[in-house]
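**Student:** Kindly return the folded structure for what I paste below:
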Amino acid sequence: MARYNGPKTKISRIFGEPILGNGKWLGKNSNPPGMHGEKRKRKTLGEYALQLREKQKAKYTYGILEKQFRKTFEEANRRKGVTGENLIKLLEARLDNTVFRMGIAPSRPAARQLVSHKHIEVNGEVVNIPSYQLNAGDVITLKEKSKANSSITSQVRPKNPKFGWVDFNETEFKGTFITYPERESVPENIKESLIVELYSK
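**Tutor:** Residues are numbered from 1 along each chain as shown. Take a look at the predicted model:
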């Protein structure tokens, strides 16, 4: 299954944000990667470079490669409403992202692994596709056998109240995807308008 397996700290240094998890190294070495470090002269990014950078940030944040990201954008463009906001809503409605938002997994890669290894059920059926698109009202639970696996349940944490579009009961390991989130509720620092401009060229 295609996914990014390269150095996470390097990606975080490129964007200056802990977009792939732990950002503890950003304080020690927050310069962009490269053999000359901060001494290297860096040009001001042009319009296209800024747009491409924003797309790359979104792809790394949600753990998606180019082909799948392009398909998600095309679906967002087909739907009514603002394309950029639709894109964020579709990314947030992915099963792996929702498992992460609920607190079942500590990170998106960990959530992706739970889904791929058939530990997650949607509406009572096992779903092992991380990109599975949820609909409002879908119920997400740990598989009954997985509830007895301490290595999985020990990672579960209470849902963050900031994520009001999902609900989760950590004692029952059961949650609900309530609705698509509004853009202002999603904390990721992504300028989706630049992505729309890039794909509109």
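
**Student:** So what's the residue count around the residue nearest to Asn149 when sequence neighbours are not counted?
**Tutor:** Ranked by CB to CB, 6 or more residues apart in numbering and with sequence neighbours excluded, the top spatial neighbour of Asn149 is His119, at 7.8 Å. The way it works is simple: take the backbone N, C-alpha and C, and place the C-beta from them, glycine included. Per other CB atoms under 10 Å, the neighbour tally for His119 reads 22.

**Student:** The most centrally placed residue in the chain - nearest residue in space that isn't next to it in sequence?
**Tutor:** Nearest to the mean C-alpha position of the chain, by CA atoms, centre = their mean, lies Tyr62 at 2.8 Å. Among residues not flanking Tyr62 along the chain, Leu91 sits closest, at 4.9 Å (CB to CB, 6+ apart).

**Student:** Just give the number of residues close to the one you found.
**Tutor:** 24.

**Student:** which helices and strands does the host helix or strand of it pack with?
**Tutor:** Assigned by DSSP states H and E, Leu91 belongs to helix 83-92. Judged by 3 or more CB pairs under 8 Å, 6 or more residues apart in numbering; DSSP states H and E, helix 83-92 is in contact with helix 47-62, helix 66-78, helix 95-102, helix 192-199.

**Student:** buried stuff in that helix?
**Tutor:** Thr83, Gly84, Glu85, Asn86, Leu87, Ile88, Lys89, Leu90, Leu91, Glu92 (16 or more other CB atoms under 10 Å).

**Student:** What of stretch 100-118?
**Tutor:** 100-105, 108-115.

**Student:** Just list the residues touching the residue nearest to Ala93 when sequence neighbours are not counted, thanks.
**Tutor:** Among residues not flanking Ala93 along the chain, Leu134 sits closest, at 4.9 Å (CB to CB, 6+ apart). By CB atoms under 8 Å, 6 or more residues apart in numbering, the contact set of Leu134 is Ala93, Arg94, Leu95, Thr98, Val122, Ile140, Phe177.

**Student:** Which members of the residues you listed are classed as buried?
**Tutor:** Neighbour-count burial (16+ other CB under 10 Å) applied to those gives Ala93, Arg94, Leu95, Thr98, Val122, Ile140, Phe177.

**Student:** wait, doesn't the second one sit right on Val122?
**Tutor:** No. With contact defined as CB atoms under 8 Å, Arg94 does not count as touching Val122 (11.8 Å).

**Student:** Name the residues contacting each of these two.
**Tutor:** Shared contacts of Arg94 and Val122, counting by CB under 8 Å, 6+ apart, come down to Tyr132, Leu134.

**Student:** count of neighbours near Val139?
**Tutor:** For Val139, the neighbour count with other CB under 10 Å is 14.

**Student:** oh, I was asking about Val196
**Tutor:** Neighbouring residues of Val196 were enumerated by other CB under 10 Å; the total is 21.

**Student:** picking that back up, can you pull the phi/psi pair for the residue nearest to Ala93?
**Tutor:** phi -80, psi 150 (degrees, to the nearest 10).
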